[in-house]
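Asker: Pasting the sequence and the predicted coordinates here, then a few questions.
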Amino acid sequence: QDHKIDLTRSFFIGDNECDILAGRNAGCKSVLVLTGKGNMIKDELEEKNITPDLITPNILTAVEKIII
């Protein structure tokens, strides 16, 4: 509120389940990057029916897709 951030228009980017859930809980769109732990947990997320809004190979690709 102090910074006037519209969470519904924001993205939470991360490589872990807790990042995807934090984004979802905050009302943001979630992005799983497959660097770091992301590639290892992708199948785990599918098994748990946790679906990020976007999956990208790295943060640069995530940013490119967000700003397009």
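Answerer: Looks like it arrived, so ask away.
Asker: Need the per-residue pLDDT for Pro52.
Answerer: The predicted local confidence for Pro52 comes out at a pLDDT of 97.
Asker: before we move on, what about Ile68?
Answerer: Reading off the confidence values, Ile68 has pLDDT 78.
Asker: What of Gln1?
Answerer: pLDDT, Gln1: 81.
Asker: Please report the distance of it from Leu7.
Answerer: Taking C-beta to C-beta, to the nearest Å as the measure, Gln1 and Leu7 are separated by 10 Å. Yep, even glycine has a C-beta here, placed from its N, CA and C like the rest.
Asker: quick one: low-confidence ranges for this protein?
Answerer: Within the chain, no stretch falls below the threshold (pLDDT under 70).
Asker: and Leu45, what does it touch?
Answerer: Shown here is Leu45, whose contacts under the criterion C-beta atoms under 8 Å, 6 or more residues apart in numbering are Glu17, Ile20, Leu32, Thr51, Pro52.
Asker: If you rank the residues you listed by neighbours, which is first?
Answerer: Per-residue neighbour counts (other C-beta atoms under 10 Å) across these peak at Leu32, which has 27 neighbours.
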